[in-house]
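[1] Build the 3D model from these lines:
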Amino acid sequence: MSAEHGTVRAVSRNDAYTFTKPSRDEIVLVAGLGVEGDIHAGVNVRHRSRVKADPTQPNLRQVHLIHAELFEEVAEKGYEVPPGGLGENVTTSGIDLLGLPRGTILRFGHPAGHGAGHGEGPARGGDGTQAGDGTRAGDGTRAGEGSEGAGGHPVEAVLTAAAAATLDDATARAAEAVAAALRRDAAAREATARDETAQEAAGRDGRAAIVVAGLRNPCAQINGFRSGLLKEVLGQDDDGNIVRKAGVMAVVLRGGPIRPGDPVTVELPPGPPAPLERI
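    Purely as a prediction, here's the structure:
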């Protein structure tokens with residue numbers, strides 16, 4: 001696992017289909033669904049072009065992340081892009097999002113017992129309730145880690161949708177990476193729980209977590225936001241390979257709140273790194 005860390009620069013969400021998303025003081029992730037109150041949350045695809053093509057596809061684009069360094073890069077070329085300007089939910093700094101392997105887990109906030117800020121102890125929702133204590137999203141799904149029940153982990157619903165749909169190769173690989181990350185996370189928690197000295201910490205680590213599934217595929221709407229910007233986030237390298245720079249898409253593994261200033265911990269998957277593909 002990697003010990004790499006970054007920081008949340010901003011968080012954004014919107015309950016309507018708009019290209020940009022307004023910045024918030026906090027967003028709350030819901031396992032297996034996405035950002036609570038966001039139009040793109042769901043088990044099946046929510047992006048309109050994907051819904052039109054095949055509404056049965058799994059939603060591997062529940063959370064959109066962009067590195068703030070991209071905005072700094074395009075600002076040097078005259079493009080002013082605020083956090084949430086390209087529709088991302090989480091703006092990060094200090095992490096090479098585009099270089100992460102498929103199946104990387106990102107955890108937000110301080111581990112239990114760290115004693116710093118709101119990350120101390122169990123993750124809490126926006127109303128101060130502990131995640132998993134009965135707080136529910138608008139569709140009745142319980143927010144946070146407590147959304148797991150007799151039916152299994154909430155992400156399994158996304159994987160069931162993936163198994164039932166006809167997927168292209170890149171999406172199939174992304175779905176398998178999410179499944180592998182879910183197994184990895186479950187095994188790590190079980191191993192920790194078996195250690196009697198760590199049982200309490202295992203139960204209290206309520207950090208929100210996501211699995212990085214793939215790259216956002218930039219579209220012409222970006223030029224509608226800032227004329228000419230598309231060429232800065234979609235191009236080719238010296239070998240003619242397509243380069244997509246408009247962020248990454250992820251599935252929510254563990255629910256909980258995310259706020260600006262939160263630390264982000266990167267956990268790389270084992271084995272040779274699998275590069276991110278467009279999904």
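[2] Let me know the secondary structure of residue 73.
    helix (DSSP: H, G, I helix; E, B strand; the rest coil).
[3] what's the neighbour count on it?
    By the criterion of other CB atoms under 10 Å, residue 73 has 15 neighbours. Where C-beta positions appear, they are placed from N, C-alpha and C, glycine not excepted.
[4] what's near enough to touch residue 70?
    81, 233, 245-247 (CB atoms under 8 Å, 6 or more residues apart in numbering).
[5] Please tell me I have it right and residue 223 contacts residue 233.
    No: applying CB atoms under 8 Å, one finds residue 223 not in contact with residue 233, separated by 10.3 Å.
[6] more crowded one of the two?
    More crowded of residue 223 and residue 233, by other CB under 10 Å: residue 233, with 21 against 13.
[7] what separates the more buried one from residue 29, distance-wise?
    Distance of residue 233 to residue 29, given as CB to CB, to the nearest Å: 25 Å.
[8] Tell me how far residue 172 lies from residue 179.
    Applying CB to CB to residue 172 and residue 179 gives a distance of 11 Å.
[9] Of these two, which one has the most company?
    With neighbours defined as other CB under 10 Å, residue 172 and residue 179 compare such that residue 179 has more, 19 against 14.
[10] The more buried one contacts residue 163, doesn't it?
    No: counting by CB under 8 Å, residue 179 stays clear of residue 163, with 9.6 Å between them.
[11] State the mean pLDDT of stretch 28-36.
    Confidence for stretch 28-36, expressed as mean pLDDT, is 98.
[12] so who does residue 216 touch?
    61, 64, 244, 246-249, 278.
[13] Which pLDDT does the model give it?
    Value listed for residue 216 in the pLDDT field: 96.
[14] just residue 271 next, same as before
    pLDDT, residue 271: 94.
[15] same thing with residue 125?
    Value for residue 125, per-residue pLDDT: 41.
[16] do the same with residue 241
    pLDDT, read off for residue 241, is 92.
[17] again, but for the one 5 residues further on
    pLDDT, the model's per-residue confidence, is 97 for residue 246.
[18] Assign it to helix, strand or coil.
    Per three-state DSSP, residue 246 ends up coil.
[19] Torsion angles phi and psi at it?
    When read as degrees, to the nearest 10, the backbone of residue 246 gives phi -90, psi 30.
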